[in-house]
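S.K.: Predicted model follows, preceded by the sequence.
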Amino acid sequence: MRIRGRSGRRSAGRARLWFDGTMHTVDSSRTPGAPGIHRLFANGRVHAFAGSSKVAEAAEAAEAGDPAEAVLVSDGRVVAVGSAHELRDRAGAAPVDEVDLEGRIVLPGFVDAHLHAVSTASTISEVDIRQVRSLRAAVDTVAAHAATLPPGEWVTGGRWDSNTWDMGRGGSYQPDRGLLDEAVPDRPVALWSIDYHTLWLNGAALEAVGIHDDTPNPVGGEIVRDGSGRATGILREDAATIAERAMPALSLDQRAQNMRMAQRKWLAEGLTGVHDIDGAASQEAWDALRANDGLLMRVVKYLRLDELEWARAVGWRTGDQVGRRRTSPTGMPEPALSWDDPARDGWFVRGGLKLFSDGALGSQTSYMTDPFPTRPGEDHLPNYGLPIAGEDLLVEQITEALQAGISLAVHAIGDRANHHVLRAFSRTRAASREAEARYDRPLRHRIEHAQFVRPEEVRLFAQMGIVASMQPRHCISDLHLLDSLRPDPRLAAYAWKDLLAAGAPVAFGSDGPVEPTDPFAAIYAAMTRADFGGDPSTTFEPGRRIPAWDAIAAHTSGAAYAAGLEGTVGTLAPGMAADLIAVDVDPLRADGGSGVTGEYASEEALFEHAEAVRDATVHLTAVAGEVAFARV
């Protein structure tokens, strides 16, 4: 990309950005933040998602014919959407920078509403065994990676899924330390499962974290043992968390560098913001970036339970903003703009408190009403999953957070876990209203994942205003599990359509690094509920598909609402932050149907459009009107 200067009427000079295959970030002297400077994103097809509803927006678009072609930006916010000619007139005498979008589709910038930022960024340098299909192949891959590391350095990463393995040796349902000890005896190895709820360690790692055969199971966790009582190297839920805390952490410099690279990747995928669910290590990395002008996208930062005391001490309130740049020393309190401060621009916002009620489907620790199938080689006691926090404990934790003006985001996958969380929110409704009045702000509570919900309880999300924070990729990643592990087919499973129909707020994210962060792949998953290769025969409950419009809204205005930022980001309405992307595929229009209504001439037409959306290329991403990423 290069800038071509040319003179123009009413301005001393107008710069136009042209695509030529190189990366370009606009010169800071000509950014929309500079007084009197406008930027015009022109020659596109703009879907502003600014109507009162998708029906209203579709009707307006049909009446108007083609979508608007341009977006005018000033001071980082949208001035207007319309024709380029109209918007040049609107700019008046102000200098205008023009960005030629070359006919591409413009959408509001996407927000990943559930991302483990520092964990996702760290995968850049870790071993990845997601694609292996046997225990032997997994161990060989780990051993090859270990050989590239300095002596004694830990092997970390993993993201293994033994549900997809041909286990061969012994037919054990999950791996153990045996082959790891043989292949990598000289250094600790700690490998997360793909859902990050189970940790697989070798003997050296067990010794390093202080877990032995006689170590008791922690509350909310399990140290798996064989028939002789020997620790197998498999740690579930809070047992894995305890081991993780004893493992050496990446340095702050390493974490910050990983996050710099990860931000560039996320921007290239069309993300202009994230809701970061990781803990203190991630907060420190963001602070380091903010101290060095390294924050490239908007962040809503959530807390973990072990950070709650610190958060109360520094005056953390959900919705307050500490800004794009950090001016206070790391670790020290910093001034924050209150939720209703007109100067708040959504760059780095304080979110809620993340709690856990259960585990995950693949690890068979999601808390269910009906038991999972018995694992080969294990006892025949029924396994209902693992309740990490029951209803009464959740009420205590929720109440404590509300007293500090902090909203809640509670992990729940199994139907029994979702039932307990909904009950806990019901029991604390009065306390939540009191906290909203005391701190003069909305406190939007969320259930993270909400994968299996009792049909009669779907309406409770809408009645209590609970945000269903969901990840469409989980549905298609779990296709191979549902026949064997889904305990009750009557449950509302990955039921984003049911929740939307009930009037519940829905926000979409990736749960990265569990799933890839590409939002267009998530839109494909929501549209088809079929495997990533596009095979219609793999569809899981097609009646719960949703149109692309709904999936995009969940990534934009839905994510904004979940964070209390619906007045700042999420649409391209006048006055909103100018966060936008330009892509090469129209997710709302197709020859054989409509991405607004979800109606297609045939199943083939649906999949043809969904696959095009899945494979969409982002050509430009702008945050606050500044071009943060561009390519041909």
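M.R.: Arrived safely, thanks for sending. Every value quoted in this text rests on a predicted model; they were computed, and no experiment measured them.

S.K.: next helix or strand past the helix or strand residue 223 falls within?
M.R.: Residue 223 belongs to strand 221-225 when assigned by DSSP states H and E. Moving toward the C-terminus from strand 221-225, the next helix or strand (DSSP H and E) is strand 231-237.

S.K.: Pairing partners for that next one, with directions?
M.R.: When pairing is defined by DSSP bridges, strand 231-237 lines up against strand 198-201 (antiparallel), strand 221-225 (antiparallel).

S.K.: Output these in JSON lines, with mean pLDDT, mean neighbour count and distance to residue 237 appended to each entry.
M.R.: Using the backbone N, CA and C atoms, a C-beta is placed for each residue, glycine as well. Below are the strands paired with strand 231-237 laid out as JSON lines (pLDDT from 0 to 100; neighbours: other Cβ atoms under 10 Å; distance: least, Cβ to Cβ, whole Å):
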{"stretch": "strand 198-201", "mean pLDDT": "95", "mean neighbour count": "26", "distance to residue 237": "8"}
{"stretch": "strand 221-225", "mean pLDDT": "93", "mean neighbour count": "19", "distance to residue 237": "4"}
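
S.K.: So for residue 283, which of those sits nearest?
M.R.: Residue 283 sits nearest to strand 198-201 of all the strands paired with strand 231-237, at 22.5 Å, using Cβ to Cβ.

S.K.: got the CA positions of that closest one in CSV?
M.R.: What follows is strand 198-201, C-alpha atoms only, in CSV (Å, rounded to 0.1, in the frame of the first residue of the first chain):
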residue,chain,number,x,y,z
THR,A,198,-6.9,-31.6,31.8
LEU,A,199,-3.1,-31.5,32.1
TRP,A,200,-0.9,-34.5,31.1
LEU,A,201,2.5,-34.6,32.9
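
S.K.: Which element is encountered next along the chain beyond that strand?
M.R.: Counting by DSSP H and E, what follows strand 198-201 is helix 203-209.

S.K.: So which bits of that following helix are buried?
M.R.: Within helix 203-209, the residues scored as buried using 16 or more other Cβ atoms under 10 Å are 203, 204, 205, 206, 208, 209.

S.K.: thinking again about what came up before, between the strands paired with strand 231-237, which one is nearest to residue 493?
M.R.: With Cβ to Cβ, the closest approach to residue 493 among those belongs to strand 198-201: 21.5 Å.

S.K.: Contact partners for residue 271?
M.R.: By Cβ atoms under 8 Å, 6 or more residues apart in numbering, residue 271 lies in contact with 109, 110, 111, 112, 297, 517, 519, 621.

S.K.: Also residue 407?
M.R.: Listed by Cβ under 8 Å, 6+ apart, the contact partners of residue 407 are 318, 351, 352, 353, 401, 443, 444, 445, 446.

S.K.: What is the neighbour count of residue 210?
M.R.: Neighbours of residue 210 under the rule other Cβ atoms under 10 Å: 10.

S.K.: Look up how far residue 461 lies from it.
M.R.: As for residue 210, its distance to residue 461 is 41 Å (criterion: Cβ to Cβ, to the nearest Å).

S.K.: pLDDT score assigned to the closest residue to residue 203 other than its chain neighbours?
M.R.: The shortest distance from residue 203 to any non-neighbouring residue, by Cβ to Cβ, 6 or more residues apart in numbering, is to residue 181 (4.9 Å). In the prediction, the pLDDT value recorded for residue 181 is 95.

S.K.: Make sure residue 181 is actually in contact with residue 201.
M.R.: No: contact status for residue 181 versus residue 201: not in contact, 10.0 Å apart, counting by Cβ atoms under 8 Å.

S.K.: so where do the helices sit in the stretch 1-150 of the chain?
M.R.: Taking DSSP state H, counting those that start in this stretch as the criterion, the stretch 1-150 of the chain contains helices spanning 54-64, 84-91, 117-122, 135-146.

S.K.: Output those helices in JSON lines, with mean neighbour count appended to each entry.
M.R.: Output for the helices of the stretch 1-150 of the chain, formatted as JSON lines (neighbours: other Cβ atoms under 10 Å):
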{"stretch": "helix 54-64", "mean neighbour count": "13"}
{"stretch": "helix 84-91", "mean neighbour count": "17"}
{"stretch": "helix 117-122", "mean neighbour count": "26"}
{"stretch": "helix 135-146", "mean neighbour count": "19"}
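
S.K.: Quick one, which of these gets closest to residue 390.
M.R.: Among those, helix 117-122 comes nearest to residue 390, with 26.7 Å by Cβ to Cβ.

S.K.: what comes into contact with that closest one?
M.R.: Here helix 117-122 makes contact (Cβ under 8 Å, 6+ apart) with 156, 196, 250, 255, 258-259, 261-262, 274, 276, 278, 281-282, 285-286, 299, 512-513, 517.

S.K.: Let me know the pLDDT of the closest residue to residue 493 other than its chain neighbours.
M.R.: Distances taken as Cβ to Cβ, 6+ apart put residue 452 closest to residue 493, at 5.6 Å, once the chain neighbours are dropped. As predicted, residue 452 sits at a pLDDT of 97.

S.K.: do residue 5 as well
M.R.: Looking at residue 5, its pLDDT stands at 29.

S.K.: do the same with residue 30
M.R.: In this model, residue 30 is scored at 36, pLDDT.

S.K.: what's the answer for residue 382, then?
M.R.: If you check residue 382, the pLDDT there is 86.

S.K.: likewise the one 10 residues further on?
M.R.: In this model, residue 392 is scored at 97, pLDDT.

S.K.: buried set for the helix or strand containing it?
M.R.: Mapping residue 392 onto the secondary structure by DSSP H and E places it in helix 391-403. Applying a neighbour-count criterion of 16+ other Cβ under 10 Å, one finds 391, 393, 394, 395, 397, 398, 401, 402 buried in helix 391-403.

S.K.: Now do it: which elements does it pack against?
M.R.: strand 348-356, strand 408-412, helix 415-427, helix 429-439 (3 or more Cβ pairs under 8 Å, 6 or more residues apart in numbering; DSSP states H and E).

S.K.: Name the stretch among the ones you listed that sits most buried.
M.R.: When these are scored by mean count of other Cβ atoms under 10 Å, the highest mean neighbour count falls to strand 408-412 (a mean of 27).

S.K.: I'd like to know which elements that one is packed against.
M.R.: strand 348-356, helix 391-403, helix 415-427, strand 446-449.
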